[in-house]
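**Student:** missing the sequence, but the structure's below:
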């Protein structure tokens, strides 16, 4: 059984990625979630409605003990399963001006995105090296590439993942493992629902927010055999927002 793990897979971009990996690449998808079990089950139902397979897996990516225990338990229960694709998508935003940013608002955002990348990827990396194939795709952000006012914590977390992406790609390339980052701009999700779309669209040359499915299409390509010579890249999908 060939599997793909998507962290933060219950909603938004994560959900769209789960669907595409199942439908287009025929992966058995491990849908990670932290607290919203109903949303994770909805994602699983969407997969199963198309004849695909998957399962939900609860753990907080920011907690290394919890992450390792959940993944180890799953691995023991599924000795024949091979995880080929890891999508580090889980992330949280705690926006606000830096001068008023609390220590918790700073650290919690870094823990989920940056520490979460380590906790999940490090668990699997030796297995990927042994099987001599893997796709690691990190969902970052335009904020991590160019910086966004009011998001110093989020920008720092995502920029950290960008650096990790480029470095890890160099370490594992000889074993047919690619490591890439996808940097979305403004995408229609729960995370952007509160934003003033009318004003923000003026900043976007494409004159619209993106769709979660469009991000998922790019991720699906990077997860496929077609992308084997692309590694260490940060691919922007943002409607030309800063070009």
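**Tutor:** That came through fine. Computed from a predicted model, the values in this text were never measured in an experiment.
**Student:** CA atoms for contacts and neighbours, from now on please.
**Tutor:** Will do.
**Student:** the most centrally placed residue in the chain: what's it in contact with?
**Tutor:** Of all residues in the chain, the one closest to the mean position by CA atoms, centre = their mean is residue 89, 1.8 Å from it. Going by CA atoms under 8 Å, 6 or more residues apart in numbering, residue 89 touches 6, 7, 8, 9, 14, 138, 139, 140.
**Student:** if we go to 7 Å?
**Tutor:** 6, 7, 8, 14, 138, 139 (CA atoms under 7 Å, 6 or more residues apart in numbering).
**Student:** ditto for residue 196
**Tutor:** Counting by CA under 7 Å, 6+ apart, residue 196 has no contacts.
**Student:** check the gap between residue 192 and residue 139 for me.
**Tutor:** 16 Å (CA to CA, to the nearest Å).
**Student:** what does the nearest residue to residue 15 once chain neighbours are set aside show for phi and psi?
**Tutor:** Excluding its sequence neighbours, the residue lying closest to residue 15 (CA to CA, 6 or more residues apart in numbering) is residue 9, at 4.9 Å. Torsion angles at residue 9 (phi, psi; degrees, to the nearest 10) stand at phi -90, psi 10.
**Student:** the least confident helix or strand in the chain by mean pLDDT: how far from the chain's middle?
**Tutor:** Of all the helices and strands that make up the chain, helix 197-200 has the lowest average by mean pLDDT, DSSP states H and E, namely a mean of 80. Using CA atoms, centre = their mean, to the nearest Å, the distance from the centre of helix 197-200 to the centre of the chain it belongs to is 25 Å.
**Student:** now do it: everything it contacts.
**Tutor:** With CA under 7 Å, 6+ apart, helix 197-200 has no contacts at all.
**Student:** so which of residue 192 and residue 139 has more stuff around it?
**Tutor:** Using other CA atoms under 10 Å, the more surrounded residue of residue 192 and residue 139 is residue 139, with 27 against 12.
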